[in-house]
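>>> Need coordinates for the following:
(one chain, ligands or ions: 3)
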Amino acid sequence: MTAVKIGVIGAGTVAGGVFHVLLRNQAEITRRAGCKLHIVAVSSRTRSKIDNLLTTLNANDVEVVADPFAVVRNPNIEVVCELIGGTTLARELVLEAIAHGKHVVTANKALLAVHGNEIFAKAREKGVIVAFEAAVAGGIPIIKAVREGLSANRIQWVSGIINGTTNFILSEMRSKGLDFGTVLAEAQRLGYAEADPTFDVEGVDAAHKLTLLSAIAFGIPVQFDKAYTEGITKLTAQDIRYAEELGYRIKLLGITRRHPEGVELRVHPTLIPSKRLIANVEGAMNAVLVKGDAVGATLYYGAGAGAEPTASAVVADLVDVTRLLNADPSHRVPSLAFQHDALDNAPILPISEVHTAYYLRIRVADQPGVLADITRILADQQISLDAVLQKEAELFEPASQGVAQTDLILLTHQTQEKLMNAALEKIQALSSVLAPVTRIRMEELN
Ligand SMILES: NC(=O)C1=CN([C@@H]2O[C@H](COP(=O)(O)OP(=O)(O)OC[C@H]3O[C@@H](n4cnc5c(N)ncnc54)[C@H](O)[C@@H]3O)[C@@H](O)[C@H]2O)C=CC1
Ligand SMILES: N[C@@H](CC=O)C(=O)O
Ligand code: NA
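Ligands and ions are numbered 1, 2, ... in the order given. Purely as a prediction, here's the structure:
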C-alpha cells in the first residue's frame, strides 16, 4: 500500500488545520505511518475558502464536493474525517461511513457524548475504528494517556480545565479586567469557540468531554444526560477578585470521581488554591489531572482549542488508524478503554450526593446578629466554616430602602450538597439577606 485514502467532511477551523499540518509534515508523517496519508476528497458547503486553501497548499489533487454523503459513500475512501460538528447530520454521516466499512476520525465530542454508545457498538460490529483524540482537550493526547498509558491503574478521579474558550474568558477577565462579551468575541475570532458558543459558556462542551473521560477512566458507558452542568455566565468580576484575595483562582472544572456507591460527573466553576499548577493554566490552554492508584496524580497540559493544536490530535489518530489498517480488530485498543462486554454499570451520582467545600457570598443588611443567624443555620446542617470575611469598606453601597448593605464571604469545609441546599434555602429566607446567595464549589485537588 502506498497511500491511505482519506475523505474530510467540513472545511472550517479544524479541517483547515488538518490540511496545513498534514501537508507541511507529510514526509515526517509518512515515515511514522508507513505510508502516505492522502486526502482525496473534502466536502464543503461553500467553494471559495476551500479552493483558496487548496491552492495555497498546492493540493490540487483534492476533490471538493458539496454533498458530504458523497464522501462517506466513496468506495475509494478508507478513512472519513468528520469535522462538521453537531449531533444530527454528523451522526448520520458517521453511521453511514461505518456502514460502508470506513474508519472514522472525529473531533466531535458532542456527537460521541450523546450518541457514542450507539456509534461505538456499530463500529465494533463492522470491525472499524472510531478515533476521537481531538474531541477531548484538543491537542493534549489525553485519550491515549488514559486509555493506554494508565491501563495498569485503578483510576480514582479525573479533573480538568477542558474548555479553552471559558478558560480564556476567565483569564482575560481576571488579568486584564476585560468584560465577558468582549473576550468571548475574541475567542470566537480565534477559532476556539463552538459554532454555538453557549455550549462553551454554559459548560456543555466541557460536560461532553468529561463524559468521554469518565467513560474511559472507569469503564462505564457514555452518559452525558446524567452530567451536572453549570457554566460561567453567572460569575461576577467581584467573585473572581475576592477569590484572588483569598488565595484562590476560579476555573471551569470538569470533575469525575469514583466512589463505592457511584460516579461523580460534574462541570462547574470551582475555586482552586492559587498555588496549584492547574490554577495557573491560562488562556485557551487546557490541563487534566488524572489520579491513579499506582501512578498517583499525573498532569497533562497543552492547547485545548485552535486549528493546529486540534489538527495535531486529528492527524495523530489518522496515523494510528493507518498503522492498524491491516490489524485484526480484536487486537485494537477498545474505544472506551475497557472491553465492551466488561463495562461497569455504576450509577452516576446526582449532584445532591456530592461532597465539596463552598465559597458563599451573601449580601446582607449591615446590622448586628446577621452573621450569627447564618452560622447557626449552617451549624444546624453540620456545616463548619473555614473562613469568614466581611467586605464592608470596599463594597459598601448607598443605603437601599434605608438599609446599609455589606457582603459576607464564607468559606466552608466539605459538606454534602443536599445539606448545603437545605441551609441555603433557610439563609435565603432571612429578612436580613438582601440578594440571591452566590455559591461556588471549591476543590483542593489532592
Ligand atoms: N475549534 C476548535 O478549537 C475545536 C473544535 N473541535 C470540534 O471540531 C469540529 C469542527 O469544529 P470547527 O472546525 O471549529 O468548526 P467550524 O464551524 O469552523 O467548521 C465546521 C465546518 O463544517 C461545515 N459544515 C457544517 N455543516 C455542514 C454540512 N451540512 N455539510 C458540509 N459542511 C458542513 C461548515 O461549513 C464549516 O466549514 C466540531 O465538532 C468541534 O466541536 C474540537 C476541538 C477543538
Ligand atoms: N470550543 C472548544 C473547542 C475545543 O474543544 C473549547 O473552547 O475548548
Ligand atoms: Na486530545
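>>> contacts and neighbour counts: CA atoms only from here.
Will do.
>>> State the helix or strand in which the residue of the stretch 301-446 of the chain found nearest ligand 3 lies.
Nearest residue of the stretch 301-446 of the chain to ligand 3 (C-alpha to the ion) works out as residue 313 at 5.9 Å. Using DSSP states H and E, residue 313 falls within helix 307-324.
>>> avg pLDDT for that helix?
Per-residue pLDDT over helix 307-324 has a mean of 97.
>>> next one: stretch 280-299
For stretch 280-299, the per-residue pLDDT averages 98.
>>> And stretch 367-382, by the same measure?
The pLDDT scores in stretch 367-382 average 96.
>>> Stretch 427-445 too?
Taken as a whole, stretch 427-445 has an average pLDDT of 96.
>>> Name the residues that touch that stretch?
159, 268-273, 356-365, 370, 374, 377, 424 (C-alpha atoms under 8 Å, 6 or more residues apart in numbering).
>>> from those residues, which ones fall inside strands?
Among the contacts of stretch 427-445, the members falling in strands (DSSP state E) are 159, 268-273, 356-365.
>>> List, out of those residues, those positioned next to ligand 3.
Checking these against ligand 3 by C-alpha under 5 Å from the ion, not one of them is in range.
>>> near ligand 1, which of these show up?
By C-alpha under 6 Å from any ligand atom, no member of these lies near ligand 1.
>>> related to what we said a few turns ago, could you pull out the buried residues of the helix holding residue 313?
307-319, 321-322 (16 or more other C-alpha atoms under 10 Å).
>>> Looking at the residues you listed, which one is closest to residue 241?
Lowest distance from residue 241 to those (C-alpha to C-alpha) belongs to residue 309, with 31.1 Å.
>>> thought that closest one was touching residue 316?
No. The pair residue 309 and residue 316 does not pass the contact test of C-alpha atoms under 8 Å, sitting 11.0 Å apart.
>>> Please report phi then psi for residue 350.
Backbone torsions for residue 350, taken as degrees, to the nearest 10, come to phi -70, psi 150.
>>> Please state the offset of the strand or helix carrying residue 70 from the chain centre?
Taking DSSP H and E as the definition, one finds residue 70 inside helix 68-72. Centroid separation for helix 68-72 versus its chain: 29 Å, with C-alpha atoms, centre = their mean, to the nearest Å.
>>> next one: stretch 68-85
Its chain's C-alpha centre and that of stretch 68-85 lie 26 Å apart, by C-alpha atoms, centre = their mean.
>>> go on, stretch 6-18?
How far stretch 6-18 lies from its chain's middle: 21 Å, per C-alpha atoms, centre = their mean.
>>> Over to stretch 297-316?
Relative to the chain's own centre, stretch 297-316 is displaced by 12 Å; criterion: C-alpha atoms, centre = their mean.
>>> show me where the stretch 101-250 of the chain has helices.
109-126, 142-144, 164-176, 180-189, 198-201, 204-218, 237-245 (DSSP state H, counting those that start in this stretch).
>>> Enumerate the residues of the stretch 1-150 of the chain near ligand 3.
Residues of the stretch 1-150 of the chain lying close to ligand 3 by C-alpha under 5 Å from the ion are 133-134, 136-141.
>>> nearest to residue 327, of those residues?
Nearest to residue 327 among these: residue 133, at 19.8 Å, using C-alpha to C-alpha.
>>> could I get stretch 66-77 in PDB with only the CA atoms?
What follows is stretch 66-77, C-alpha atoms only, in PDB (Å, rounded to 0.1, in the frame of the first residue of the first chain):
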ATOM      1  CA  ALA A  66     -20.800  19.700  -1.800                       C
ATOM      2  CA  ASP A  67     -22.600  16.600  -0.600                       C
ATOM      3  CA  PRO A  68     -20.900  15.100   2.500                       C
ATOM      4  CA  PHE A  69     -22.600  11.700   1.700                       C
ATOM      5  CA  ALA A  70     -20.600  11.600  -1.500                       C
ATOM      6  CA  VAL A  71     -17.500  11.300   0.800                       C
ATOM      7  CA  VAL A  72     -18.800   8.700   3.200                       C
ATOM      8  CA  ARG A  73     -20.100   6.500   0.300                       C
ATOM      9  CA  ASN A  74     -17.000   7.000  -1.900                       C
ATOM     10  CA  PRO A  75     -15.600   3.400  -2.500                       C
ATOM     11  CA  ASN A  76     -12.200   4.800  -2.900                       C
ATOM     12  CA  ILE A  77     -12.000   6.300   0.600                       C
END
